[in-house]
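**Q** Generate coordinates for the sequence data below:
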Amino acid sequence: MNYKFAKLVGLNTDIEAAQITISTNDPQNSFLGVIELTCDDAFVRGRQALSELVDSYLEERIDSKTEGERLKDSFTALLDKLKDVKSFSVVISSLQGKVLYIIGQGNIDCFLRRVDKISTLDSTSGQLVSGFLQERDRIFFSTRNLTKYLGDDLKITLELPFLRWEEEMEAKINAREDLAEDSPEVTEEQDTSLRRAGLIIDVEGDEILEDITPAKEMNLRAEEIENKFAYKVKIGDIFRKIQINKVTYYFIRNILPGSSLREASGKARLVLASILIMVVIAGAGLKFKSFKDQERMSNFVNFMQQAEVDFKEAQNLKTLNAEEAALKLSSAKEMLEKALKINSKDIRAQELKKQIDEESGNISQKFDGNFSEFLDLSLIKKGFKSQNISLSAGKILSLNTEDSTVVVIDISKKSQKILSGREKLGEAKFASINGSSAFVYSADKGIIRIDTGSQEASSAAKADKDWGKISDIVGFGGNIYLLDKEKNQIWKYMAVASGYPGKRNYLNEGVKVDFSSAARMQIESSIYVLKTGGEILRFTKGEPDHFSIGGLDRGIKDPKSIFTSSDTENLYILDSGNSRLVVLSKTGEYKAQYSGDKFGSATDLVADEIGKKVYLLEGSRIWQMDLK
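**A** Numbering: from 1, shown residues only. Reported below is the predicted structural model:
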């Protein structure tokens with residue numbers, strides 16, 4: 001692939017600036033960055049940050065990390081350098097051959113135009129996004145101020161010819177909004193003409209040979225033939241000037257031996273002219289067909305060789321780097337598809353297709369989920385249904401918020417019992433199990449601890465006026481954690497011999513977070529908070545601990561829950577919007593994914609890696625699925 005870049009940066013001030021960097025080492029390896037920020041010396045800070053970012057990225061390329069790991073490390077380093085900046089947005093990207101990698105955060109948009117369809121890429125969620133580009137794709141990075149200004153003209157911007165793009169966009173990027181004469185003076189922070197910047201990447205294929213047509217091959221037109229007849233040139237002389245095959249030339253010379261145009265009548269000359277034109281066109285057509293056949297065969301061989309190489313590399317990488325293996329597999333499929341379009345009946349190509357189809361699941365770690373019913377909760381108590389479940393020590397805990405009934409299920413024995421109800425739990429909202437203790441958050445009674453063996457319930461903490469809107473409870477290491485989405489805090493209750501004396505802030509002083517869209521929380525050595533948009537926040541010892549998802553073929557959409565624990569190696573995301581279960585390492589690297597309708601309708605999940613099972617909650621039923 002070959003790429004063409006064009007960028008434009010609008011007005012900047014000392015406190016508001018936008019910057020773009022493009023670093024191209026070779027046609028197949030490029031690094032790009034777009035940043036906008038608001039702070040003192042914004043222009044200088046932005047330029048310095050991008051310069052150091054390029055240096056950091058190039059240094060990372062020296063080691064053996066994957067491209068995704070290098071980009072994430074560079075992104076993390078940049079965030080650390082800008083942690084004192086009041087407000088900033090950034091997207092960084094790299095092009096490696098046909099693969100585009102993107103990661104960022106804030107208010108920078110990324111659009112993909114492919115044929116006549118325009119898509120928005122999720123480039124600012126802190127997740128690494130990667131995928132293959134195609135010929136004639138256009139990528140457009142735009143700061144939010146520029147996107148808003150373009151409005152309905154965005155599509156036109158994405159369709160502009162490359163050579164006109166800078167000329168057309170230059171006027172837009174510095175244009176100011178029309179204001180009425182009596183409008184108050186606009187401050188820099190209100191001026192949307194600031195922090196406008198745009199960058200396009202046009203994808204071109206490898207150099208294509210000029211098409212060879214029969215007219216070019218023959219270099220002779222019908223009217224030229226007639227002119228030669230008028231000059232009474234012998235037929236043999238004409239054919240010496242035409243690039244046709246020897247068989248055709250021999251045929252003409254022998255079917256008309258010694259003939260000249262002078263000797264023929266007018267009618268005969270017309271017949272001869274017609275014969276001559278047909279023979280010339282037939283000969284040139286055969287030669288053109290031969291050339292095209294050779295070209296097609298050459299392309300077929302090249303596509304097949306590349307497909308076989310990519311497939312072999314994908315097989316070698318499947319246990320070492322699932323992310324890179326998936327990309328190589330995708331490339332192998334793309335190359336094979338091109339080869340099959342040329343020759344769909346080739347035995348070698350058909351055999352490779354069969355091998356790829358058989359190995360695709362193992363290489364890309366994409367599997368179909370096979371579900372079976374584990375338990376109907378309504379058999380425990382009529383009308384029982386739940387939204388959440390939790391797992392610890394081989395036991396599943398579930399709460400029916402409609403009547404505050406809590407049940408515990410032993411996975412191995414499939415036995416179950418009711419632990420408590422509304423009388424002791426009041427308006428129970430969330431529940432969690434940790435060892436032999438079940439913890440229930442109640443809107444009116446506070447936190448209640450239940451011994452799963454004796455079923456004895458006791459108050460762990462009274463309802464607290466400092467609480468805002470609690471969205472989850474988790475028991476871990478005997479301690480209790482509450483996720484407060486209104487107060488942007490995680491309340492921690494430490495267990496002591498006498499009980500739980502009081503709460504403390506888990507997050508260290510000065511840590512600023514936004515839990516307004518927080519949905520679920522899970523704890524192992526770190527705390528993971530899932531937000532409704534698909535972002536996952538990780539905290540270790542009260543401090544933010546960078547976490548980004550890498551290697552997915554598409555972003556997380558409308559997730560309902562996550563699961564991890566100190567007993568699992570992985571982190572599981574219930575990606576309901578894509579009807580799949582995503583399996584990641586605890587640092588965000590892609591491991592596997594499972595697809596199935598239950599992932600779209602389930603509201604919660606737990607994973608038992610020892611038993612190689614995933615349990616999904618769907619209303620009154622718990623479903624089970626085998627892990628590979």
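**Q** so where do the strands sit in the stretch 351-500 of the chain?
**A** Listed in chain order, the strands of the stretch 351-500 of the chain (DSSP state E, counting those that start in this stretch) span residues 366-368, 371-376, 389-392, 395-400, 405-410, 415-420, 428-434, 437-442, 446-451, 457-461, 470-476, 479-484, 489-493.
**Q** Check the offset of whatever helix or strand Trp165 lives in from the chain's centre.
**A** For Trp165, the enclosing helix or strand under DSSP states H and E is helix 162-174. Using Cα atoms, centre = their mean, to the nearest Å, the distance from the centre of helix 162-174 to the centre of the chain it belongs to is 29 Å.
**Q** got the contact list for it?
**A** Contacts of helix 162-174 from elsewhere in the structure, counted by Cβ atoms under 8 Å, 6 or more residues apart in numbering, are 4, 6, 8-11, 146, 149-150, 153, 157, 160, 193, 196-198, 200, 202. (Glycine included, C-beta is placed from N, CA and C.)
**Q** Swap in 7 Å and give it another go.
**A** If you take Cβ atoms under 7 Å, 6 or more residues apart in numbering as the criterion, helix 162-174 is touched by 4, 6, 8, 10-11, 146, 149-150, 157, 160, 193, 196, 198, 200, 202.
**Q** Max pairwise distance over the residues you listed: which two?
**A** With distances taken as Cβ to Cβ, the most widely separated pair in those is Lys4 and Ser193, at 27.1 Å.
**Q** how about low-confidence regions in the protein?
**A** Screening the chain residue by residue with the criterion pLDDT under 70, one finds the ranges 25-28, 60-64, 174-193, 206-269, 271-272, 279-280, 282-293.
**Q** Mind splitting it into its structural domains?
**A** The record, using automatic domain parsing to delimit domains, assigns the chain the ranges 2-176+191-204, 214-364, 371-626.
**Q** Output these in CSV; the columns should cover mean neighbour count.
**A** Compiled in CSV, these are given as follows (neighbours: other Cβ atoms under 10 Å):
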stretch, mean neighbour count
domain 2-176+191-204, 18
domain 214-364, 15
domain 371-626, 18
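**Q** Now the helix holding Trp165 - C-alpha only, CSV.
**A** This file holds the C-alpha atoms of helix 162-174, laid out as CSV (Å, rounded to 0.1, in the frame of the first residue of the first chain):
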residue,chain,number,x,y,z
PHE,A,162,-6.7,14.9,-2.8
LEU,A,163,-5.1,17.8,-4.8
ARG,A,164,-8.0,20.1,-3.9
TRP,A,165,-8.3,19.1,-0.3
GLU,A,166,-5.8,21.6,1.2
GLU,A,167,-7.1,24.5,-1.0
GLU,A,168,-10.8,23.9,-0.1
MET,A,169,-10.1,23.2,3.6
GLU,A,170,-7.8,26.1,4.2
ALA,A,171,-10.7,28.6,4.1
LYS,A,172,-12.8,26.5,6.4
ILE,A,173,-10.1,25.8,9.0
ASN,A,174,-9.6,29.5,9.8
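**Q** need the next SSE after it, C-terminal direction.
**A** In the C-terminal direction from helix 162-174 (assignment by DSSP H and E), the next one is strand 197-204.
**Q** Need the residues that contact that following strand.
**A** Identification of contacts with strand 197-204 by Cβ under 7 Å, 6+ apart yields 1-10, 18, 20, 32, 34, 36, 133-143, 146, 162, 165, 169, 173.
**Q** Inside helices: which ones of those?
**A** With helices taken from DSSP state H, the overlap with those comprises Leu146, Phe162, Trp165, Met169, Ile173.
**Q** Pull the most distant pair out of these.
**A** Once Cβ to Cβ is applied, the ones in helices among the contacts of strand 197-204 give Leu146 and Phe162 as the farthest pair, at 18.2 Å.
**Q** Skipping adjacent residues, who's closest to Phe75 in space?
**A** With Cβ to Cβ, 6 or more residues apart in numbering as the measure, Ile103 is the residue that lies nearest to Phe75, at 4.9 Å, once sequence neighbours are left out.
**Q** Let me know the helix or strand that that neighbour is in.
**A** Taking DSSP H and E as the criterion, the element that holds Ile103 is strand 99-105.
**Q** tell me how far the helix or strand just after that strand is from the chain's mean position?
**A** Beyond strand 99-105 in the direction of the C-terminus, DSSP H and E gives the next helix or strand as strand 108-114. Relative to the mean C-alpha coordinate of its chain, strand 108-114 is positioned 12 Å out (Cα atoms, centre = their mean).
**Q** so what does whichever helix or strand comes after strand 108-114 touch, helix or strand wise?
**A** Read in the C-terminal direction, the helix or strand following strand 108-114 is strand 117-120, with elements assigned using DSSP H and E. Other helices and strands packing on strand 117-120, by 3 or more Cβ pairs under 7 Å, 6 or more residues apart in numbering; DSSP states H and E, are strand 108-114.
**Q** angle of the strand it packs on against strand 99-105?
**A** With axes from the mean of the first three to the mean of the last three Cα atoms, to 10 degrees as the basis, strand 108-114 and strand 99-105 are set at 150 degrees to each other.
**Q** Who are the packing partners of strand 108-114?
**A** strand 87-96, strand 117-120, strand 138-143, helix 144-150.
**Q** Name the residues that touch that strand?
**A** Applying Cβ under 7 Å, 6+ apart, the set of residues contacting strand 108-114 from outside is 34, 36, 89-91, 102, 118-121, 123-124, 134, 137-144, 147, 158.
**Q** what pairs with that strand, and is each one parallel or antiparallel?
**A** Using DSSP bridges, the neighbouring strands of strand 108-114 in the sheet come out as strand 117-120 (antiparallel), strand 138-143 (antiparallel).
**Q** Compare those strands and give me the one nearest Gly477.
**A** Among the strands paired with strand 108-114, the nearest to Gly477 by Cβ to Cβ is strand 117-120 (41.8 Å).
**Q** Just give the closest residue to Asp310, not the sequence neighbours.
**A** Beyond its immediate neighbours in the sequence, the residue positioned closest to Asp310 (Cβ to Cβ, 6+ apart) is Ala332, lying 3.7 Å away.
**Q** show me where the stretch 451-600 of the chain has helices.
**A** In order along the chain, the stretch 451-600 of the chain carries the following helices (DSSP state H, counting those that start in this stretch): 597-601.
**Q** So what's the gap between the strand holding Ile103 and the chain middle?
**A** On the basis of Cα atoms, centre = their mean, the separation between the geometric centre of strand 99-105 and that of its chain is 8 Å.
**Q** mind listing what the spatially closest residue to Tyr481 that is not a sequence neighbour touches?
**A** Spatial nearest neighbour of Tyr481, excluding adjacent residues (Cβ to Cβ, 6+ apart): Val474 at 4.8 Å. Contact partners of Val474, counting by Cβ under 7 Å, 6+ apart, are Ser432, Tyr481, Met521, Gln522, Ile523.
**Q** Which one of the residues you listed is nearest to Asn505?
**A** When the contacts of Val474 are compared for distance to Asn505 (Cβ to Cβ), Tyr481 wins out at 11.2 Å.
**Q** In contact with the closest one: list those residues for me.
**A** Taking Cβ under 7 Å, 6+ apart, we find Tyr481 in contact with Val474, Ile490, Lys492, Tyr506, Met521, Ile523.
**Q** now the residues you listed as JSON lines including distance to Lys354?
**A** Formatted as JSON lines, the contacts of Tyr481 follow (distance: Cβ to Cβ, whole Å):
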{"residue": "Val474", "distance to Lys354": "47"}
{"residue": "Ile490", "distance to Lys354": "52"}
{"residue": "Lys492", "distance to Lys354": "56"}
{"residue": "Tyr506", "distance to Lys354": "54"}
{"residue": "Met521", "distance to Lys354": "46"}
{"residue": "Ile523", "distance to Lys354": "46"}
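**Q** what two of these have the greatest distance between them?
**A** Put simply, by Cβ to Cβ the two of those set farthest apart are Lys492 and Met521, 11.8 Å from each other.
**Q** Surely Thr401 and Ala431 touch.
**A** No: checked against Cβ atoms under 7 Å, the pair Thr401 and Ala431 is beyond contact range at 9.2 Å.
**Q** Any chance of a markdown table for the strands of the stretch 351-500 of the chain, columns distance to Tyr528?
**A** What follows is the strands of the stretch 351-500 of the chain, written out as a markdown table (distance: least, Cβ to Cβ, whole Å):
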| stretch | distance to Tyr528 |
| --- | --- |
| strand 366-368 | 23 |
| strand 371-376 | 25 |
| strand 389-392 | 14 |
| strand 395-400 | 19 |
| strand 405-410 | 24 |
| strand 415-420 | 26 |
| strand 428-434 | 14 |
| strand 437-442 | 18 |
| strand 446-451 | 21 |
| strand 457-461 | 23 |
| strand 470-476 | 10 |
| strand 479-484 | 11 |
| strand 489-493 | 11 |
